[in-house]
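Participant: Here you go, sequence then predicted model.
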Amino acid sequence: MTEQVDGAGGAQNRTSVERRGDRELVVTRTFAAPASTVYRAWSQPELFQRWWVPKSVPGISLVSCDMDVRTGGKYRLEFSAGGSDTMAFYGRYLEVVPNERIIWTNDEGEEGAVTTVTFEDQGGRTLLTFHEVYPSKEALEEALQGSAVALPEQLEQLDELLSSTGE
């Protein structure tokens, strides 16, 4: 499965979503910002919460965003769908190399993936690669019907944030 989604910047900011084998998902996108700036948007809660929730999903909000982005640190994201019930996603950071790579676990269920995001400097631009490895083919299939569908929109929102902040 490969899907191309045009971003506001046209072909140069295209998001590519690719399934690799039975258990892997790879999403890439180039941003017109330095790796250090893109990394900050992934590692600072006040920036992360401004772009992570897809705007096309009505009523969903990120009500809590706790991120200790360092090797051995933990994160917890709590979402609300408008009512009093919330849904939490949490895990731990296995490896953090500032401006280069963040690897984390998704511990909220038995079928949690391990996610690696890399930030490759390309002379003032950044090639971002979002790579998830799932424990089973079924877990990948579930993600492809759910959370992974939103990734192109989320990365488009990140691109808009980077453009609007002038970074």
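Facilitator: Arrived safely. Note that the structure is predicted; figures quoted are calculated from it, not measured.
Participant: could you list every residue that touches the residue lying closest to A139 once chain neighbours are set aside?
Facilitator: Leaving aside its sequence neighbours, A139 sits nearest to E111 (Cβ to Cβ, 6 or more residues apart in numbering; 3.7 Å). The way it works is simple: take the backbone N, C-alpha and C, and place the C-beta from them, glycine included. When contacts are counted by Cβ atoms under 8 Å, 6 or more residues apart in numbering, E111 touches 134-136, 138-139, 142.
Participant: Now the buried members of these.
Facilitator: For the contacts of E111, a burial check counting by 16 or more other Cβ atoms under 10 Å picks out 134, 139.
Participant: Going by distance to V57, which of the contacts of E111 wins?
Facilitator: Distances from V57 to the contacts of E111, taken as Cβ to Cβ, are shortest for E142 (17.1 Å).
Participant: now that closest one, nearest residue through space, not along the chain?
Facilitator: Counting by Cβ to Cβ, 6+ apart, E142 lies nearest to E111, which is 6.9 Å off, once chain neighbours are set aside.
Participant: Please, which helix or strand holds the one you found?
Facilitator: Here E111 is covered by no helix or strand, with elements defined by DSSP states H and E.
Participant: list the buried ones in the top helix by length along the chain?
Facilitator: If you go by DSSP state H, the chain has its longest helix at helix 151-164. Using 16+ other Cβ under 10 Å as the test for burial, helix 151-164 gives 151-159, 161-162.
Participant: so what does that helix touch, helix or strand wise?
Facilitator: strand 2-7, strand 10-20, strand 24-31, helix 35-43, helix 45-51, strand 126-133 (3 or more Cβ pairs under 8 Å, 6 or more residues apart in numbering; DSSP states H and E).
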